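A.B. asks: Here is my input, please return the structure:
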Amino acid sequence: MNDSAAECSEALDPRVQIELERLNTATDEINRLEVELDEARLAFRRLLAEGHLRIQQLTKKLGTSVHKARPYYEARFRANITSQELQTATVAYDKANSAHAAAREMVYLAEQGLARLAEGGAGVTLDPAWQEMLNHATHRVNQAESDRAHATVTQRTRAAAHRAASTLVHQLQSSLKRHIAKSRPYFEEKARINTALEAQKARIQTLEEQVSEAKQQYSSALRNLERISDEIHKHRSRRQSARNVPEIDRSTTTDTASDTNTTSSDKLDELCDSSTDASVREWLRRAAHHRPRPPTDADTWTEIDLDYSSPEEVGVFTLSRSGSVAPRTIARARLPTPTPGLRSIWITPVRKRLVSSLCLGVAPSRRAPSPAPAYRRRHLD
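C.D. replies: Sure, this is the predicted structure:
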């Protein structure tokens with residue numbers, strides 16, 4: 001719940017907004033272009049249907065004149081095509097001729113440079129730089145001659161085809177003059193329809209290219225959004241992992257403290273088993289049974305059950321931070337009479353002592369008794 005709220009409160013990555021705008025723009029553009037493309041295709045089909053219907057009407061109206069005049073218009077169409085091809089071949093021939101002339105000029109300059117070097121240089125008849133220039137110019141001349149020869153052949157072929165087509169057009173025009181004049185509306189209408197269809201077809205191709213480009217932009221924006229999303233998720237995962245590290249450390253510390261307490265309890269059991277006095281072992285066993293779980297802080301309280309304790313000798317053992325038992329011999333001290341209703345007392349950490357004489361089987365010390373320790377009482381439920 002908190003993680004979701006934190007994620008929602010984060011500032012949105014500005015790259016996401018930019019890519020979303022690109023995505024929306026590309027979507028709008030795709031929709032608009034597809035609508036225009038559908039309209040253009042519909043217009044093309046409509047022009048084709050209308051043109052076909054118009055041609056059929058003119059064919060019925062003009063009769064056999066259309067069929068008889070068709071060879072003339074076909075020859076005229078071929079003459080136009082050969083004319084365009086002849087123009088293209090002529091341009092290519094002119095370029096090849098110009099390149100050949102430039103290459104020959106370079107060869108001439110290289111030869112002149114070598115001649116001047118031979119006349120003015122003392123014994124130097126060949127320079128590597130001029131020789132390289134001459135070789136390069138010679139290669140260009142050879143290539144230009146080959147290109148010019150090919151362009152010359154192509155230009156002559158196209159010129160012959162154009163002359164033949166033009167001759168055929170003039171012959172048919174003179175022989176079919178009446179049918180040509182009568183069928184002129186048909187062929188003019190057909191040419192107009194073909195021109196409109198070609199223009200509409202070109203528009204359709206342009207729209208298809210624009211739609212393809214818009215779809216590429218849309219795909220690019222989607223890929224960028226996916227990449228940004230992956231980066232954001234990875235960043236959140238790393239941050240969540242870093243947030244969980246302190247919790248793992250705290251749980252490890254708690255487990256360590258629990259292991260320490262368990263070790264201390266085990267040592268207490270060993271102490272009870274190693275004692276030679278039966279009363280001492282019974283007292284330690286009951287004290288361990290009634291002892292509460294120690295707090296997590298360093299100051300621990302040791303519970304003594306007065307019902308099973310001797311008022312003359314009090315043994316207290318304190319666990320150090322490492323969990324080891326540090327026995328210490330103390331003088332006998334009389335305890336105050338327990339108040340009715342109180343079953344146990346708690347000794348402060350300052351007055352903690354160990355019973356070495358009882359637990360380890362050593363005779364009690366004969367030195368002067370020390371002052372009675374202070375006690376803190378706690379009522380048990």
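
A.B. asks: Mind splitting the chain into its structural domains?
C.D. replies: According to automatic domain parsing, the chain is divided into the following domains: 7-230, 275-377.

A.B. asks: so where is this structure shaky, pLDDT-wise?
C.D. replies: Applying pLDDT under 70 to the chain flags residues 1-11, 120-126, 245-381.

A.B. asks: What ranges does it have for its helices?
C.D. replies: Listed in chain order, the helices of the chain (DSSP state H) span 2-9, 14-62, 65-120, 128-175, 177-182, 184-274, 278-290, 356-359.

A.B. asks: Turn the ones you listed into TSV, columns for mean neighbour count.
C.D. replies: The way it works is simple: take the backbone N, C-alpha and C, and place the C-beta from them, glycine included. Below are the helices of the chain laid out as TSV (neighbours: other CB atoms under 10 Å):
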stretch	mean neighbour count
helix 2-9	9
helix 14-62	14
helix 65-120	16
helix 128-175	15
helix 177-182	15
helix 184-274	13
helix 278-290	16
helix 356-359	20
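
A.B. asks: distance of residue 150 from residue 94?
C.D. replies: As judged by CB to CB, to the nearest Å, residue 150 and residue 94 stand 14 Å apart.

A.B. asks: now do residue 61
C.D. replies: Applying CB to CB, the value for residue 61 to residue 94 is 48 Å.

A.B. asks: likewise residue 23?
C.D. replies: 52 Å.

A.B. asks: who touches the nearest residue to residue 144 once chain neighbours are set aside in this structure?
C.D. replies: Nearest non-adjacent residue to residue 144, counting by CB to CB, 6 or more residues apart in numbering: residue 100, 3.6 Å away. Going by CB atoms under 8 Å, 6 or more residues apart in numbering, residue 100 touches 141, 144, 145, 147, 148.

A.B. asks: again with residue 218
C.D. replies: 23, 26, 27, 30.

A.B. asks: Nearest to residue 190 among the contacts of residue 100?
C.D. replies: For the contacts of residue 100, the closest approach to residue 190 (CB to CB) belongs to residue 147, at 40.3 Å.

A.B. asks: surely that closest one meets residue 99?
C.D. replies: Yes: contact criterion CB atoms under 8 Å: residue 147 and residue 99 qualify, at 6.7 Å.

A.B. asks: Residue 67 and residue 174, how far apart?
C.D. replies: Taking CB to CB as the measure, residue 67 and residue 174 are separated by 19 Å.

A.B. asks: do the same with residue 94
C.D. replies: Distance from residue 94 to residue 174, by CB to CB: 35 Å.

A.B. asks: Backbone dihedrals for residue 63, both of them.
C.D. replies: Main-chain torsions, residue 63, degrees, to the nearest 10: phi 70, psi -140.

A.B. asks: give me the number of residues near it?
C.D. replies: 11 (other CB atoms under 10 Å).

A.B. asks: so who does the closest residue to residue 131 other than its chain neighbours touch?
C.D. replies: On the basis of CB to CB, 6+ apart, the spatially nearest residue to residue 131 that is not a chain neighbour turns out to be residue 114, at 7.5 Å. By CB under 8 Å, 6+ apart, residue 114 lies in contact with 126, 127, 130, 131, 134.

A.B. asks: what would those look like in CSV with distance to residue 185?
C.D. replies: Below are the contacts of residue 114 laid out as CSV (distance: CB to CB, whole Å):
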residue, distance to residue 185
126, 77
127, 75
130, 71
131, 71
134, 67
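
A.B. asks: which among those gets closest to residue 90?
C.D. replies: residue 134 (32.1 Å).

A.B. asks: these two touch, right, the closest one and residue 112?
C.D. replies: No: the pair residue 134 / residue 112 is not scored as a contact, 10.3 Å apart, by CB under 8 Å.
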